[in-house]
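>>> let's see this in three dimensions:
(2 chains)
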2 protein chains.
Amino acid sequence: MTEHRNAALKYSQDHHQETLVKMKEIIAIPSVSTDPDHKEDIQNAAKWLEKELHALGMTRVEIFPTPRHPIVYGENLSAGEDAPTVLIYGHYDVQPEDPIQEWKTDPFTPTEVGDNLFARGSTDMKGQIVACFSAVEAILQTGKLPINIKFLIEGEEEIGGSHLEGFIKENKELLACDFFLNPDTGMLASDLPTITYALRGIAYFELRVQGPKQDLHSGTFGGVIHNPAQVMTDLLSGLHDDQGRVTLKGFYDKVLPLDIEERDELSQLPVGDEFYSGQAGVPKLWGEEGYSAVERTGARPTLEINGLYSGFIGEGQKTVLPAYAMAKVSTRLVADQDPGEVYEQFKSYLAENAPDTVTWQLDKLAGDLPSQSDRKSKWIEAYVKAAEAAWGKRPIFKRDGGSVPVVVHIQQSLGVDSVNIGFGLPSDNMHGPNEKIHLPTLYKGIEALVHFFFNL
Amino acid sequence: MTEHRNAALKYSQDHHQETLVKMKEIIAIPSVSTDPDHKEDIQNAAKWLEKELHALGMTRVEIFPTPRHPIVYGENLSAGEDAPTVLIYGHYDVQPEDPIQEWKTDPFTPTEVGDNLFARGSTDMKGQIVACFSAVEAILQTGKLPINIKFLIEGEEEIGGSHLEGFIKENKELLACDFFLNPDTGMLASDLPTITYALRGIAYFELRVQGPKQDLHSGTFGGVIHNPAQVMTDLLSGLHDDQGRVTLKGFYDKVLPLDIEERDELSQLPVGDEFYSGQAGVPKLWGEEGYSAVERTGARPTLEINGLYSGFIGEGQKTVLPAYAMAKVSTRLVADQDPGEVYEQFKSYLAENAPDTVTWQLDKLAGDLPSQSDRKSKWIEAYVKAAEAAWGKRPIFKRDGGSVPVVVHIQQSLGVDSVNIGFGLPSDNMHGPNEKIHLPTLYKGIEALVHFFFNL
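You can find the predicted model right below:
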């Protein structure tokens, strides 16, 4: 086994150029999932993956159509029933390239500048997919697979309403595995291998407060009709207390507390107040009292106003008393909060606090559970050792404030834990112009994956 | 004099048909002031007035151009220096006819249906202008004018940024008069002659609260960046207390209190809670404790949110932490409040209450003083008697919640009081589709004006 591992590592080191060529091939296909003009590119990207999975040695490869963009599946179960099975996630679609004028190189012509490869989709996440392919190839070209492998690669990650959740529910047997590998969560720095063990859930609402049946003249009616924009500001303002806590009754009841060990670990992450205030360009941070910035964004639930509208918002003035006000409000949730329960809490708050001079309606637009992995699972332990072997240092453990629904859907449908890693860096401009990937980090990542697969 | 008065009244009664024909002529010119396509119609309306003022017997008639729409002036000062001089206001422009599909007759083809004449501009206010012409004509065709008369008729009342204020300031001598007659404020019902003795002023603001330098991901930054929409709702929510009072420091200091006599008069107006809740279609009224609905809309200052914007307001969801929030806020003011002082009060409020996690900017978009006429001036007494003669009942005195800047500009520049009357009814659909004027009320109004001019 050690001999095979070493041979595979050497193979991967000797084939950086081939990895780079493959990355350039898939990146050059502009598989922008939101844009109907790129429908053929999406198909071509799926076909490229099908071809590569075959070439890689997958014994079953299949493209599953969905009402929108296809899902690509590949497996090699030659390690046998006694070996563990990993389900590796990927998405082959990319964000639109806008704003195009801010790119220094063509977004779909992968361009090497120093240690970086610039192109849309390089870090998010075609580079990560190719890294997984290269690690598996290195092992298969130098011997037998020590584990069973399944690839699940979708084309709808960058758009709302992905069909992946339904596909997972309907294909539990096909996707059955011992754990889920999600290489889409990145590293905090090129010398800081990172494991993301918690992702926040979300509950997203639209609130409408209806006042008069139509816009009124604010001179004639100002003083007798309760302005729905005023009611809205009262209601929204009441959602936080003076300590920056959310006031919904029961909101914090199921929040798992941070233990001393975890707080100590989080406090050592290189993400202080200056990181957030610098990125946002604000004079001063804000938030729930009693928690550090990194705890507030990752380990504590929050409530945000995402949008607000009422009345006249054009240039100049219009003396209108608006008929209604609308707000988009979302909560980011942590384990073990439940978006359905938060919906009920919000409705109760409104029932209790909305005056009887108006009517209101609360719609739930989206809900995803938070996810939290066992930091001491054997899968994570295996990656800790792999990262130590590749980078020479123990990986750091971080929480992410965002939501990655696929991790939750896999946990719910397949009942397995996930390992969230990846080789993208904060400086990679994910979703922005001049997206890039740092090649030395990616090559180290391939070695880490080789170690990981042998460690399982 | 009594003989002349009776002859003039008879003349006006015998010439309803001629009054109607004149109304139809001017109404048929679609002088929509906001629409550049109607520029020639505006010119034609001004020329029609010029011609009619000559025909009426005005000894000086002049069209004054402005950077936008011309002002028409006419005078007959033959009553001599010992007689009082009245400056009669009018505007010959009209609102756009939208929504056109809701009109039952063509908006610019005056159409008689029963006692009503339907057309855009019929009640607001071409009918009122023609009523004044007919009253003057009745007097001049049966004898000499007992008073000096000046007409001031603008074409920019229905648009922002009228040039009338500047014209008044620059032509104080031309417009010098003993009092101002504004026939643009209407009656509460066809059997309720009405004098509007107070108009609210206004101070209109735009408030911007700036948070991060750009929209942020609400997952990554939610919990550490103070959401400017949340700050905005806190700030706006704090502008009213639990009793429905405005919290700006000093806001009520200059508000003239209502005395018992005035409150008693106002309580007899046929405008109860049901009037407002019915018109607005709301389950329940709201407002400042301790005051009736009619007091709250006319005699008390108010603060309204006219518009509200932040972040994502389209269909569906976007998990954005917005860069900024914007609100349009206006206050309606009563004597002796000052819009400039309210601006300072609002700025002080923000300086005191806005957190240092954001920056803010408050712009004053408009400011007009409130106006209040002496309910016992000899001009008003003269109209009281005139209305009693025409309708057989004492007129009611009302305040109006809206603002009529020309009344304030005349008071400020010429130092004279105003008589605000008119023969439009609440059911006339002013500014809406199917605008109309009630002809029997208008004809009574002409008789009231004849009496009025003889009473002075």
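>>> dump the residue contacts of the residue nearest to the spatial centre of chain A.
The residue lying closest to the centre of chain A (C-alpha atoms, centre = their mean) is A:Val404, at 3.7 Å. A:Val404 makes contact with A:Asn182, A:Asp184, A:Thr185, A:Leu199, A:Ser371, A:Asn420, according to C-beta atoms under 8 Å, 6 or more residues apart in numbering or on different chains. For glycine as for every other residue, the C-beta is placed from the backbone atoms N, C-alpha and C.
>>> show me which of the residues you listed are buried.
Among the contacts of A:Val404, the ones that count as buried by 16 or more other C-beta atoms under 10 Å in any protein chain shown are A:Asn182, A:Asp184, A:Thr185, A:Leu199, A:Ser371, A:Asn420.
>>> returning to what we had before: so for the residue nearest to the centre of chain A, what's the pLDDT?
The pLDDT attached to A:Val404 in the predicted structure is 87.
>>> measure it to A:Asn420 for me?
7 Å (C-beta to C-beta, to the nearest Å).
>>> which neighbours do those two share?
Here A:Val404 and A:Asn420 have A:Asn182, A:Asp184, A:Thr185, A:Leu199 as joint contacts, going by C-beta under 8 Å, 6+ apart.
>>> B:Gly445: which of those residues is nearest?
Distance to B:Gly445, by C-beta to C-beta, is smallest for A:Leu199 among those, at 72.9 Å.
>>> which residues does the closest one bridge with?
When bridges are taken as DSSP bridges, the partners of A:Leu199 come out as A:Ser371, A:Asp400.
>>> surely it is in contact with A:Leu369?
No. In this structure A:Leu199 lies outside contact range of A:Leu369 using C-beta atoms under 8 Å: 9.6 Å.
>>> what sits in contact with each of these two?
In the contact map built from C-beta under 8 Å, 6+ apart, the residues linked to both A:Leu199 and A:Leu369 are A:Val408.
>>> quick one: contacts for the residue in the stretch 301-450 of chain A that chain B sits nearest to?
The stretch 301-450 of chain A approaches chain B most closely through A:Gly402 (3.2 Å), counting by C-beta to the nearest C-beta. When contacts are counted by C-beta under 8 Å, 6+ apart, A:Gly402 touches A:Leu199, A:Arg200, B:His217, B:Gly219, B:Thr220.
>>> doesn't A:Trp360 lie inside a strand?
Yes. Looking at A:Trp360 with DSSP: H, G, I helix; E, B strand; the rest coil, it is inside a strand.
>>> which residues does it contact?
With contacts taken as C-beta under 8 Å, 6+ apart, A:Trp360 has the following neighbours: A:Leu207, A:Arg208, A:Val209, A:Gln210, A:Leu235, A:Leu350, A:Ala354.
>>> of those - the most surrounded one?
Neighbour counts for the contacts of A:Trp360, by other C-beta atoms under 10 Å in any protein chain shown, peak at A:Val209, which reaches 29 neighbours.
>>> what's the following helix or strand after the helix or strand harbouring it?
Remark: A:Val209 resides in strand A:201-210, with elements defined by DSSP states H and E. The C-terminal neighbour of strand A:201-210 among helices and strands, as given by DSSP H and E, is strand A:216-217.
>>> any idea how chain A splits into domains?
For chain A, whose domains are defined here by automatic domain parsing, the residue ranges read A:2-199+A:370-455, A:201-255+A:301-368.
>>> thinking again about what came up before, so which of the shared contacts of A:Val404 and A:Asn420 belong to strands?
In strands, defined here by DSSP state E, the members of the shared contacts of A:Val404 and A:Asn420 are A:Asn182, A:Leu199.
>>> about what we covered before: out of the buried ones among the contacts of A:Val404, who's nearest A:Leu145?
Among the buried ones among the contacts of A:Val404, A:Asn182 lies closest to A:Leu145 (C-beta to C-beta), at 20.0 Å.
>>> need the contacts of A:Trp360 in JSON lines with distance to chain B and pLDDT, can you?
As requested, the contacts of A:Trp360 are arranged in JSON lines below (distance: C-beta to the nearest C-beta, whole Å; pLDDT from 0 to 100):
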{"residue": "A:Leu207", "distance to chain B": "12", "pLDDT": "98"}
{"residue": "A:Arg208", "distance to chain B": "12", "pLDDT": "98"}
{"residue": "A:Val209", "distance to chain B": "11", "pLDDT": "98"}
{"residue": "A:Gln210", "distance to chain B": "9", "pLDDT": "97"}
{"residue": "A:Leu235", "distance to chain B": "8", "pLDDT": "98"}
{"residue": "A:Leu350", "distance to chain B": "15", "pLDDT": "98"}
{"residue": "A:Ala354", "distance to chain B": "12", "pLDDT": "98"}
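>>> wait, what's in contact with A:Gln95?
With contact taken as C-beta under 8 Å, 6+ apart, A:Gln95 is in contact with A:Val32, A:Arg120, A:Gly121, A:Asp124, A:Glu158, A:His431.
>>> again with A:Pro84
Residues in contact with A:Pro84 (C-beta under 8 Å, 6+ apart) are A:Ile147, A:Asn148, A:Asp178, A:Phe179, A:Leu456.
>>> then A:Asp115?
Contacts for A:Asp115 were tallied using C-beta under 8 Å, 6+ apart; they are A:His438, A:Leu439, A:Pro440.
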